[in-house]
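[1] The amino acid sequence is not available; the structure is as follows:
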């Protein structure tokens, strides 16, 4: 489940592993591309959780970062 909130906390998006819920805070984004990037980021967290991968928080963020910049890295 994904929810969108106009205002909220300082985070751009949050994934709750216990419930599988994602919240995207729209006020913390500058444009649609920025929002889509956050949606993708949080969905990758969900996918990692769904497949019961054993990554710590740092490893998970590193994987997501590499995926986000993969296209530029290959050029």
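    Good, I have the coordinates. Bear in mind that the values here come from a model prediction, so they are computed numbers and not experimental data.
[2] pLDDT score for residue 75?
    For residue 75, the pLDDT comes out at 61.
[3] Is residue 15 in a helix, a strand, or coil?
    When classified by DSSP: H, G, I helix; E, B strand; the rest coil, residue 15 comes out as strand.
[4] And it, how close does it get to residue 72?
    Counting by CB to CB, to the nearest Å, the gap between residue 15 and residue 72 amounts to 24 Å. All C-beta atoms are positioned from the backbone trio N, CA, C, and that covers glycine.
[5] More neighbours: which of those two?
    residue 15 (20 against 7; other CB atoms under 10 Å).
[6] who are the neighbours in contact with the closest residue to the more buried one other than its chain neighbours?
    Once flanking residues are discounted, residue 15 sits nearest to residue 45: 4.0 Å by CB to CB, 6 or more residues apart in numbering. By CB atoms under 8 Å, 6 or more residues apart in numbering, the contact set of residue 45 is 15, 17, 22, 60, 64.
[7] Tally up the residues packed near the last one, please.
    A count of nearby residues for residue 64, using other CB under 10 Å, gives 17.
[8] my guess is it contacts residue 41, does it?
    Yes. With contact defined as CB atoms under 8 Å, residue 64 counts as touching residue 41 (5.7 Å).
[9] Give me the distance from the helix or strand harbouring residue 47 to the chain's centre.
    Residue 47 is located in helix 32-50, with elements delineated by DSSP states H and E. Offset of helix 32-50 from its chain centre (CA atoms, centre = their mean, to the nearest Å): 3 Å.
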